[in-house]
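K.L.:
Any chance you could fold what I've pasted below:
(2 chains)
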Amino acid sequence: MVSKRFIAKRLLLLGPVLFGVATVVFAILHLSPGDPAIAIAGERASQEFVEQVRSDLGLTDPLWEQYVRFLGNTATLDFGESYQIRRGAAVGDILADRLPITIELAVLGQIAGLLFGLPLGILSAVKKDTLTDHFSRVGALTGISVPIYWSGPLLILLFAQVLGILPTSGRIGSTYFIDSKTGFILIDTLLAGNLAAFQSAALHLVMPVIVLGVYSMAFISRMMRSSMLEVVRQDYMRTARAKGQGAKTTVMKHGLRNAFIPVITIIGIQFGSMLGGSVLTETVFEINGIGTLLVEAINKSDYPVVQATVLVFAFMYTIVNLFVDITYSVLDPRIDQ
Amino acid sequence: MSTKTHSSDVERSIVDRIRASPFLTELLSNRIAVAGLSLIVGLFAVAIYARLVYDLDAIVATSFSSNPTEAAPSAQFWFGTDGQARDIFPRVLYGAWYALKFGTATVLASTVLGITAGIVAAYYGDLTDNVIMRTMDVLLSFPSLLLALALVTIFPESLGLWRAVAALTLVYTPRFARVVRGAALKVLEDEYIEATRALGATDPRLLIRHVLPNCLAPITVQSTLNYGLAIIDIAALSFLGFGANPGDPSWGMMLANGVEKGLFSGAWWWSFFPGLFLALTVLGFNLLGDGMRDALDPRMRDAVD
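P.N.:
This is a model prediction of the structure:
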């Protein structure tokens, strides 16, 4: 059974890691050559005004005071106000609007990756060293080698421009106005009971999910293959066969279940690439998630937004990995020894 | 490789395995690795050719009064021309030089930093180990491309692509540190380390002459896989606007311009060729790295037999 000690240990480690993450973000922002005071006051503001803004922001305080204040604000999820993107709006509100968009994309990409990656990996392992296996291996490696910012635009060219069967960019057709209740567009359109809008939203998601999913599929299928091959050689598999169980039942009942375990860890790591990939995917398909928010904030020197976005990304990644570690220890109790 | 023709197949394979370097033999008999290696060798050839033959100023310059703008691929312009009437073919070839130059710099820097951090952590243990590895853990808590995006802003824009190199070096270092620390910890348990120390070897000598060479295998695999990643990430940063300067013959920059200005108005070749070369390059490193991992992993070797 899963050890409570292991989970407690992992949860305790979360604190220092998040503290470290916040420190790194603070350090990056303070090492950046840009001047937040000028970013707010504007390039042509008078010297006195800039100084006024600087002291209002607390940037004239000693560094350690700023650091302590930053940690306190971060701990209470107070990310301050945006300088540029939505001047004066709470950064927390901007994030709340845009975060679901990215999560929806990353989760759907991951699901697509699993749906196609797992069967492909199993097939590859069962048909080891056949043409099918080689083909799926080279296919997987090609999948992770093709940059999203190349395949994405080419897909748009093909499916939206030439064939005209999928929309080019954005999240939903411009004729639909849907109340944002959850922020997840597929759920919101269903809640509104508007099936035409749901269809439009789903069609808009097809290409972004494909480019993200291919990446994930490639990793998952490779991991599933080697995991299956490892499991097939275990003693308990031979025992199962020796007691007269059929080959198919053995693979399905004993093989798959054990082969899944290592694959779960890759899902955690993959989620990081999903988040990184979402920056590129959102840019290519003009989706207003937090990926494009980060790029926009960096370009406009909107430091509070940059800070909060990076923190949120790291936080999500850490939590997913924590969750994966715990699941892993539940499935494989040997792990905490 | 010398083999006795009169011995049975089983014997022959045993003799072979003892005589030849198992890693190299394994690697060269791995068709996937060889395919990757061929792509990379081809890339190096293209890069060196472009560096020697083309004048960088000429392919960056935008005043080609005689060239048409956005001309489709033809016998004169193999990959067509871009919006500034530049011939795309030499620019794509020169992009190979850029990719290798900046990719190599990134991988080299992060490998050296990672080896240093990993070996020092493993050897000194205790507090040193904890401080180094917990720092690495924190850096690994960020999705890599996002950390790179944030880090890139620290460095002045005038550095161009070196900004991307610096940021990605910091992002990749923890991965090497982890791999090296793990390998070094195993090596440090071996008896010859004890013996060398008893003979009076200094710390640096022990680490560089005895520990490091025994950690090279996992480092090589990690470097190879990271090479492809570095090239694709440098291009990604350029695509997002943090890296190459406009006009630079870097694949990421050409892709960004070509997608933004040419792809949907018909000039598909502007972004297609830089992207194709980028994808093939990264594929080369991924094929080689994957093959290497198989060759190094004895369990995989058994599985293949």
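K.L.:
For the stretch 51-200 of chain B, list the residues in contact with chain A, please.
P.N.:
For the stretch 51-200 of chain B, the residues in contact with chain A (CB under 8 Å from any CB of the partner chain) are B:134-135, B:137-139, B:141-147, B:149-151, B:153-154, B:156. In short, each C-beta sits where N, CA and C put it, glycine included.
K.L.:
can you do 6 Å?
P.N.:
Contact residues, the stretch 51-200 of chain B versus chain A (CB under 6 Å from any CB of the partner chain): B:138, B:141, B:142, B:143, B:144, B:145, B:146, B:150, B:153, B:154.
K.L.:
Tell me which helix or strand the spatially closest residue to residue B:235 that is not a sequence neighbour sits in.
P.N.:
Leaving aside its chain neighbours, residue B:235 sits nearest to residue B:252 (3.2 Å; criterion: CB to CB, 6 or more residues apart in numbering or on different chains). Under the criterion of DSSP states H and E, residue B:252 resides in helix B:251-257.
K.L.:
Does anything pack onto that helix? Which helices or strands?
P.N.:
helix B:216-239, helix B:269-296 (3 or more CB pairs under 6 Å, 6 or more residues apart in numbering or on different chains; DSSP states H and E).
K.L.:
The helix or strand residue A:260 falls within to helix B:216-239, inter-axis angle?
P.N.:
If you go by DSSP H and E, residue A:260 is part of helix A:256-284. With axes from the mean of the first three to the mean of the last three CA atoms, to 10 degrees defining the directions, helix A:256-284 sits at 30 degrees from helix B:216-239.
K.L.:
in helix A:256-284, what's buried?
P.N.:
Within helix A:256-284, the residues that qualify as buried are A:258-259, A:261-284, counting by 16 or more other CB atoms under 10 Å in any protein chain shown.
K.L.:
near chain B, from those?
P.N.:
Restricting the buried residues of helix A:256-284 to those within reach of chain B (CB under 6 Å from any CB) leaves A:272, A:275, A:276.
K.L.:
and the closest residue to the second one other than its chain neighbours, what does it touch?
P.N.:
Think residue A:275. Closest residue in space to residue A:275, ignoring its immediate chain neighbours: residue B:143 at 4.3 Å, by CB to CB, 6+ apart. For residue B:143, the contact set (CB atoms under 6 Å, 6 or more residues apart in numbering or on different chains) comprises A:272, A:275, A:276, A:313, A:317.
K.L.:
Report the separation between residue B:143 and residue A:92.
P.N.:
Distance of residue B:143 to residue A:92, given as CB to CB, to the nearest Å: 21 Å.
K.L.:
and if you look at residue B:28?
P.N.:
Residue B:28 sits 57 Å away from residue A:92, going by CB to CB.
K.L.:
tally of neighbours for residue 247?
P.N.:
Using chain A here. Residue A:247: 12 surrounding residues under other CB atoms under 10 Å in any protein chain shown.
K.L.:
Chain B was what I was after
P.N.:
Using other CB under 10 Å, residue B:247 has 16 neighbouring residues.
K.L.:
hang on, it packs against residue B:60?
P.N.:
Yes - the criterion here is CB atoms under 6 Å, and residue B:247 meets it with residue B:60 at 4.9 Å.
K.L.:
Residue of the stretch 151-300 of chain B nearest chain A, please.
P.N.:
Proximity of the stretch 151-300 of chain B to chain A (CB to the nearest CB) peaks at residue B:275, 3.3 Å away.
K.L.:
any idea which helix or strand carries the nearest residue to that residue once chain neighbours are set aside?
P.N.:
Among residues not flanking residue B:275 along the chain, residue A:150 sits closest, at 3.3 Å (CB to CB, 6+ apart). Applying DSSP H and E as the criterion places residue A:150 in helix A:148-155.
K.L.:
Could you check the angle that helix makes with helix A:256-284?
P.N.:
80 degrees.
K.L.:
in the chain, which helix has the most residues?
P.N.:
Since you didn't name a chain, this refers to chain A. Across chain A, the longest stretch assigned as helix under DSSP state H is helix A:195-232.
K.L.:
you looked at the wrong chain, it should be chain B
P.N.:
helix B:88-124.
K.L.:
Which strands and helices lie in contact with that one?
P.N.:
Helix B:88-124 packs on helix B:31-53, helix B:56-60, helix B:126-140, helix B:161-188, helix B:216-239, helix B:269-296, going by 3+ CB pairs under 6 Å, 6+ apart.
K.L.:
Apart from its neighbours in sequence, what residue is nearest residue B:133?
P.N.:
Nearest non-adjacent residue to residue B:133, counting by CB to CB, 6+ apart: residue B:121, 5.5 Å away.
K.L.:
thought that neighbour was touching residue B:179?
P.N.:
No - Residue B:121 is not in contact with residue B:179 according to CB under 6 Å; the separation is 11.8 Å.
K.L.:
Neighbour count for those two, which is higher?
P.N.:
residue B:121 (24 against 19).
K.L.:
And the more buried one, how far from residue A:68?
P.N.:
Taking CB to CB, one finds residue B:121 at 29 Å from residue A:68.
K.L.:
how deep is the residue in the stretch 101-250 of chain A that chain B sits nearest to tucked in, by neighbour count?
P.N.:
Closest residue of the stretch 101-250 of chain A to chain B, CB to the nearest CB: residue A:150 (3.3 Å). Other residues near residue A:150 come to 26 when the count uses other CB under 10 Å.
K.L.:
try residue B:268
P.N.:
Applying other CB under 10 Å, I find that residue B:268 has 20 neighbouring residues.
K.L.:
Once you drop chain neighbours, what's closest to it?
P.N.:
Residue nearest to residue B:268 in three dimensions, not counting chain neighbours: residue A:157, with 6.5 Å by CB to CB, 6+ apart.
K.L.:
what does the stretch 51-200 of chain A put close to chain B?
P.N.:
A:141, A:142, A:145, A:146, A:147, A:149, A:150, A:153, A:157.
K.L.:
give me the element the second one is part of.
P.N.:
Residue A:142 is part of helix A:131-145 when elements are defined by DSSP H and E.
K.L.:
Can you mark which positions in that helix are buried?
P.N.:
So for helix A:131-145, counting by 16+ other CB under 10 Å, buried means A:133, A:136, A:137, A:138, A:140, A:141, A:142, A:143, A:144, A:145.
K.L.:
Could you find the closest non-adjacent residue to the fifth one?
P.N.:
In other words, residue A:140. Residue A:140's closest residue in space is residue A:218 (CB to CB, 6+ apart), at 4.0 Å.
K.L.:
Is it correct that the one you found is in contact with residue A:143?
P.N.:
Yes - if you go by CB under 6 Å, residue A:218 and residue A:143 touch, sitting 3.6 Å apart.
K.L.:
For the closest residue in space to residue A:31 that isn't next to it in sequence, give me phi and psi.
P.N.:
Nearest residue to residue A:31, sequence neighbours excluded (CB to CB, 6+ apart): residue B:154, at 4.6 Å. Note on residue B:154: backbone dihedrals following degrees, to the nearest 10 are phi -70, psi -30.
K.L.:
Where do the helices of chain A begin and end?
P.N.:
Counting by DSSP H, the helices of chain A are A:4-31, A:36-41, A:47-56, A:63-75, A:91-126, A:131-145, A:148-155, A:185-191, A:195-232, A:235-242, A:247-250, A:256-284, A:290-299, A:303-331.
K.L.:
which stretch among those comes nearest residue B:261?
P.N.:
For the helices of chain A, proximity to residue B:261 was assessed by CB to CB; helix A:148-155 is nearest, at 11.7 Å.
K.L.:
between the closest one and helix B:269-296, how big is the angle?
P.N.:
Orientation check (the same axes, to 10 degrees): helix A:148-155 against helix B:269-296 gives 130 degrees.
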